[in-house]
Every structure is written in C-alpha cells, then in structure tokens.
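Visitor: I would like the atomic coordinates for the input below:
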Amino acid sequence: MLCACQYGSVDKEKGTKDSDSAVIHIAVLPTEECRPFYVAQQRGLYDSLGVVVQLDTFMAAMDADTAFMNDQVQLLVSDSLKARYLNRITRKDSIIAIITDTLRLSVMTGKPTRIKSISSLKEKIIAVTRNSAVDYFADQTMDKAKIKREYLNRPQINNIALRADMLNLNQYDGAILPEPFATQCEEQGAYRINSLKAPLMRVLVKQRVMKKQKQDIQKIIEAYSIARHVE
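Guide: You can find the predicted model right below:
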C-alpha cells in the first residue's frame, strides 16, 4: 500500500493531471506516518471532498525537501526539526505546519554486531539522515547512554530503503529507521535497541500556498483526520 504511488505518477482513474493547476501535490515517504494519505486516496476521500491530490513518493527525505523548496509539491510530510531547518534556509516564504502527529523511529543494529543495548554504541557506525528528527533521536540516544554525542559515527544514507538494505547486509553497525522498515529489519534478525514515539511529525506548507489554496488544504486535513482512524 505504502508504495502504491510513485514520484511523478498520474492517477488516471481519478483524473489527476500534472498540468491541472488545481492539483495539490503532496511529498510523501513510504512510511507509517504517511499511511493516512495513501488510505485517503484509496478510499476516495479526496474525491468525495472535492479536492484533487497527487501523492509524490520519495525514498529520501532530502529529495522530498528539494521538491518542496522548489515548489514542485505544495505539501511536505516531514518533522518538527526539519521544519525549523527549512525555515532557516528559505528566503522567499515562511513555512507552517498544518498537521501534527506521532513520529516513530528505532535504532536498529545488525545481528552480527551483537549490539543489544545503547551502552555499546560508543564509536559505532549508525546510519542516519541529517537535519531531521533522525539526527535528533541519535543525540537523545547517546545522551540516554551517557556517551558523548561525538562518539557516534553517523554516515548519511538518505534513501530509507537503501539504509535498511545496508543494515540487513551488515555494511555498518546499525541504522535509525522509521516504520515499517524497522520492523522489517527486525524480522530479518536485526536488534531494536531504542525507540522513539513522539509528536514530532509535521505536514508543512508555505504561507503563500496556504493563502492561495486554503480551502483545498483544509479538505486535505479533513481527509487525513478521517483516514488515520481507518485500519
């Protein structure tokens, strides 16, 4: 389900066209946090509310950020730390959050490493993505283990699927992953040594887009609210 819509795809059955200026593009990732957007599309909620939506799926948050900053998409599923970062670097417009929800992340370690607790993370290699809640969670994990943050090696692997695959192939000690990737790695033998479940997820929009398409965006918020309660 989460991979149903790919970046740049057109939902022909629902009449969504890239050339239609009324289309609202939403940058999503194949993660649990984005599930309500996919459910809303599959259940026809956008159609019933009279809003035309295209879900553009990215495997790397950085690519989604770039599309958002370049106005290729109007909404971005992200997190509160990334929102602050994007607001610092933008010069054209301020960025606001229209939806807040729960973000789930886990520190996963490879089975061969035998790292089963955060106390063993000193000088280990844990793959992350920068300027985001992932980096923040890495800091919090090191603080919890009472280890200096700089003692954690953090290669940046932006593509989520690649980050998970490299963990399964034992190419580094561990990785911080969202769901369902964390659970999938756990099923293949990885260890879950720390988890985060916090209200850090954000859906972002630029102020000028909000003013221009306020009614449609409110319908998207309504569809999200309905879809998040659908099993």
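Visitor: what's residue 26 sitting at in phi/psi?
Guide: phi -120, psi 120 (degrees, to the nearest 10).
Visitor: so the closest residue to it other than its chain neighbours bridges to which residues?
Guide: Among residues not flanking residue 26 along the chain, residue 75 sits closest, at 4.4 Å (CB to CB, 6 or more residues apart in numbering). All C-beta spots, glycine's among them, are computed from the backbone N, C-alpha and C. Residue 75 forms beta bridges with residue 26, residue 205, as assigned by DSSP bridges.
Visitor: can you report how many residues lie near residue 75?
Guide: 27 (other CB atoms under 10 Å).
Visitor: quick one, what contacts it?
Guide: For residue 75, the contact set (CB atoms under 8 Å, 6 or more residues apart in numbering) comprises 24, 25, 26, 27, 68, 98, 203, 204, 205, 217, 220.
Visitor: quick check: the first one vs residue 101, distance?
Guide: In other words, residue 24. 19 Å (CB to CB, to the nearest Å).
Visitor: and residue 201, what element?
Guide: Assessed by DSSP states H and E, residue 201 sits inside strand 191-206.
Visitor: ok, back up a step: for the residue nearest to residue 26, give its distance to residue 98.
Guide: Using CB to CB, residue 75 is found at 8 Å from residue 98.
Visitor: what do the two both touch?
Guide: 203, 204, 205, 217.
Visitor: got a list of what the last one touches?
Guide: The one in question is residue 217. Taking CB under 8 Å, 6+ apart, we find residue 217 in contact with 24, 74, 75, 98, 205, 209, 210.
Visitor: residue 22 contacts residue 54, correct?
Guide: No - Residue 22 sits out of contact with residue 54 when judged by CB atoms under 8 Å, with a separation of 10.8 Å.
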